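# Mind folding the following:
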Amino acid sequence: MKKWILVLLFSGLFVILACSLASNAGENLPPGIHSGVSVTEVVSLSIFPQEVMAWETITVTAQIKNAGSTAYEYRAALTVDGTEVKRRNVAVPGQSTATATFQLVKGTPGTYQIGVGNKTSAIKVKENPQVAANQPRIVIFRHENTGRDILTILPFCAELGFYATWGDYSFINNRPNFFDKEGRRKFDLLFFAGGESDLYFSRSIMPGVKGAGPGIDESGYRNIQEFLMKGGSCIASCISGPAMFAETIEWIGIGLDEAQTGKQWVPRMNRRAGHMSRLYDVKPLFRGTVRGPQETNQPYPLTRFLPIKLNMEALLVKKTHLPETVYLCIIGSGSLIPNRDAPMEVIGWFPNGTAAMGIVKYGEGHLYLIAPHPSMTMENSGGHIRNQTMGTHAKRWGWTEYEIKKAQALLDREGDPDGPDPDSILMKAILQDAAERALNKGK
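You can find the predicted model right below:
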């Protein structure tokens, strides 16, 4: 009898548990997001413009309808000729609609089928007559943290007569964006303008920090590698750009995950493989170490304009007629330390004598490692540096209000001692040099 009572008790407990789990299934989801069966669908798809020139931006907008009574998170996937190139999650309220907007750039003329959900539409990409045969073409990598860098780079590109466009991770990962059917390069320069490198990749590169979803994958690395092999120029700035391609990274201080849990900053050396090598087990494009932030700019993201000693023997520098020392914006920027058997053409040095800027030959192309931000001056970015980099961003890294005000006061007091002109001259010289080397190798 006791045996049957136990069985019945356990059976009853199982039923109660099952009912409890079913009723609480959605409790751990974000507010307003339904965990049940999807009752959403894409009801319309608009593309503007539907006929574009190569390298022009296309905007794709999908309207998503939720016929259910509960909010639902819809995964909107953008496809090109049936292949997914981007995706994002869109919260759609019950009995309502929401929109998912994507931007796309195609460098190859042709007709493409663009789709989101069950809706598709064709676009036509035509040869762009505005791009002259010998006009330098530059693609600037964009992710959600590179807005300021792009805004400061574009005016220089316009002044130099470059044809400039942007490309996100889906551009980088797609080989036809880089090369035509015969394998020739379609553009000359690729620019990685800094920002937070954990947002570059589809996998997280920082402990305890998730990336922004899809990002540059191994195919993207292979495209960049082949682009350089075939004579292209790649400019990688800040610490995040060079750290992508380096053999080793040496980060001085604590990680973001530690900062966000209240750990105090300490000058601790954290040594690991470069981002691409660590994520995808590939050979580094820069056989050396990137070490930062600079001693004078610790803890990160303390920002100062440091005196950079230029290499007056470098042809790029000779053309600028700049003085031997210029003050450049430094945000976390890492020293470039090549291996003993790895040649690097140095453009300038940090105050501690380590290389701040250098050019590494790779195949027929050139990788420009630019640790400072010569495109960012107090004139065009002072407010951003003060209020965003050493304000909102510093808070994210665990800074107190006192520390933020102290750093802002230091920036206000020091400023940029030689003003914006040397920075701008050097930035244009780097862009021009990279373009000339790539154009001399053909496409």
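
# Okay, now the unreliable bits of the protein?
1-38, 107, 129-133, 144-147, 198, 202-213, 442-443 (pLDDT under 70).

# can we see that at 80?
1-39, 54-57, 83-87, 104-108, 127-134, 143-150, 195-214, 441-443 (pLDDT under 80).

# now the helices: where do they sit in it?
Under the criterion DSSP state H, helices of the chain are mapped to 2-23, 147-160, 169-173, 218-229, 240-245, 256-259, 275-280, 315-318, 378-384, 393-396, 401-414, 421-440.

# so Phe102 touches Val60, yeah?
Yes. Counting by C-beta atoms under 8 Å, Phe102 does reach Val60; the two are 4.5 Å apart. C-betas here are computed from N, CA, C, even on glycine.

# anything in contact with each of those two?
78, 116 (C-beta atoms under 8 Å, 6 or more residues apart in numbering).

# before we move on, the earlier item: Ala355 is nearest to which of the helices of the chain?
helix 240-245 (10.3 Å; C-beta to C-beta).

# Run through the neighbouring helices and strands of the closest one.
Contacts defined by 3 or more C-beta pairs under 8 Å, 6 or more residues apart in numbering; DSSP states H and E place helix 240-245 against strand 189-192, strand 233-237, helix 275-280, strand 286-292, strand 365-370.

# In JSON lines, list these along with mean neighbour count and distance to Thr40.
Compiled in JSON lines, the helices and strands packed on helix 240-245 are given as follows (neighbours: other C-beta atoms under 10 Å; distance: least, C-beta to C-beta, whole Å):
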{"stretch": "strand 189-192", "mean neighbour count": "27", "distance to Thr40": "36"}
{"stretch": "strand 233-237", "mean neighbour count": "27", "distance to Thr40": "40"}
{"stretch": "helix 275-280", "mean neighbour count": "21", "distance to Thr40": "33"}
{"stretch": "strand 286-292", "mean neighbour count": "24", "distance to Thr40": "45"}
{"stretch": "strand 365-370", "mean neighbour count": "26", "distance to Thr40": "45"}
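
# For burial, what's the neighbour tally of Ile58?
19 (other C-beta atoms under 10 Å).

# show me the contacts for the residue lying closest to it once chain neighbours are set aside.
Leaving aside its sequence neighbours, Ile58 sits nearest to Leu104 (C-beta to C-beta, 6 or more residues apart in numbering; 4.5 Å). Contacts for Leu104 (C-beta under 8 Å, 6+ apart) come out as 57-60, 78, 80, 85-86, 114, 170.

# ok, the closest residue to Ala98 other than its chain neighbours - contacts?
The shortest distance from Ala98 to any non-neighbouring residue, by C-beta to C-beta, 6+ apart, is to Val92 (4.4 Å). By C-beta under 8 Å, 6+ apart, the contact set of Val92 is 40, 64-66, 71-74, 98.

# Please apply the same query to Trp265.
253-254, 259, 298-299, 398.

# Apart from its chain neighbours, what residue comes closest to it?
That would be Pro299: by C-beta to C-beta, 6+ apart, it lies 4.1 Å from Trp265.

# Surely that neighbour and Gly253 touch.
Yes. Counting by C-beta under 8 Å, Pro299 does reach Gly253; the two are 5.4 Å apart.

# any residues in contact with both of those two?
Common neighbours of Pro299 and Gly253 (C-beta under 8 Å, 6+ apart) are 265, 293.

# Pretty sure Ser375 sits against Thr152.
Yes. Under the criterion of C-beta under 8 Å, Ser375 makes contact with Thr152 at 4.1 Å.

# higher neighbour count, these two?
More crowded of Ser375 and Thr152, by other C-beta under 10 Å: Ser375, with 30 against 22.

# ok, now which ones touch that one?
Per C-beta under 8 Å, 6+ apart, neighbours of Ser375: 149, 152-153, 156, 193, 423-424, 427.

# Give the buried residues for stretch 51-67.
For stretch 51-67, a neighbour-count test (16 or more other C-beta atoms under 10 Å) marks 52, 54-56, 58, 60, 62-66 as buried.

# farthest pair in the contacts of Val92?
Among those, Lys65 and Glu73 lie farthest apart (C-beta to C-beta), at 14.2 Å.

# which ones are touching the nearest residue to Cys234 once chain neighbours are set aside?
Distance criterion C-beta to C-beta, 6+ apart; nearest residue to Cys234, sequence neighbours excluded, is Leu190 at 4.6 Å. Residues counted as contacts of Leu190 (C-beta under 8 Å, 6+ apart) are 138-139, 141, 224, 227, 232-235.

# redo that, cut-off 7 Å
139, 224, 227, 232, 234 (C-beta atoms under 7 Å, 6 or more residues apart in numbering).

# and which of the contacts of Val92 is nearest Pro284?
Among the contacts of Val92, and counting by C-beta to C-beta, the member closest to Pro284 is Glu73, at 38.3 Å.

# measure that closest one to His143 for me?
22 Å (C-beta to C-beta, to the nearest Å).

# one step back: for the residue nearest to Trp265, phi and psi?
Main-chain dihedrals, Pro299, degrees, to the nearest 10: phi -80, psi 160.

# Quick check: it touching Gly255?
No. Between Pro299 and Gly255 there is no contact under C-beta atoms under 7 Å: 11.7 Å.

# Same drill for the two, tell me which one is more crowded.
It is Pro299, of Pro299 and Gly255, that has more neighbours when counted by other C-beta under 10 Å, with 21 against 17.

# before we move on, back to that, how much space between the residue nearest to Ala98 and Gln50?
26 Å.

# now do Asp81
With C-beta to C-beta as the criterion, Asp81 and Gln50 are 15 Å apart.

# can you pull the contacts of the nearest residue to Gly110 once chain neighbours are set aside?
Among residues not flanking Gly110 along the chain, Val125 sits closest, at 5.8 Å (C-beta to C-beta, 6+ apart). Going by C-beta under 7 Å, 6+ apart, Val125 touches 52, 54, 106, 108-110, 112.

# Can you go through those residues and name the buried ones?
Applying 16+ other C-beta under 10 Å to the contacts of Val125 flags 52, 54, 106, 112 as buried.

# Tell me, how many residues neighbour Ala355?
Other residues close to Ala355 by other C-beta under 10 Å number 20.

# do the same with Asn128
With other C-beta under 10 Å as criterion, Asn128 counts 16.

# Same question for Ser96.
Counted with other C-beta under 10 Å, Ser96 comes out at 12.

# any idea how far Arg75 is from it?
18 Å.

# per-domain residue ranges of this structure.
With domains defined by automatic domain parsing, the chain comprises 40-126, 137-440.

# end to end, how far does the shortest one reach?
What that stands for is domain 40-126. Domain 40-126 has an end-to-end distance of 35 Å (criterion: C-alpha to C-alpha, to the nearest Å).

# Run the chain-centre distance for that domain.
Centre-to-centre, domain 40-126 and its host chain are 22 Å apart (C-alpha atoms, centre = their mean, to the nearest Å).
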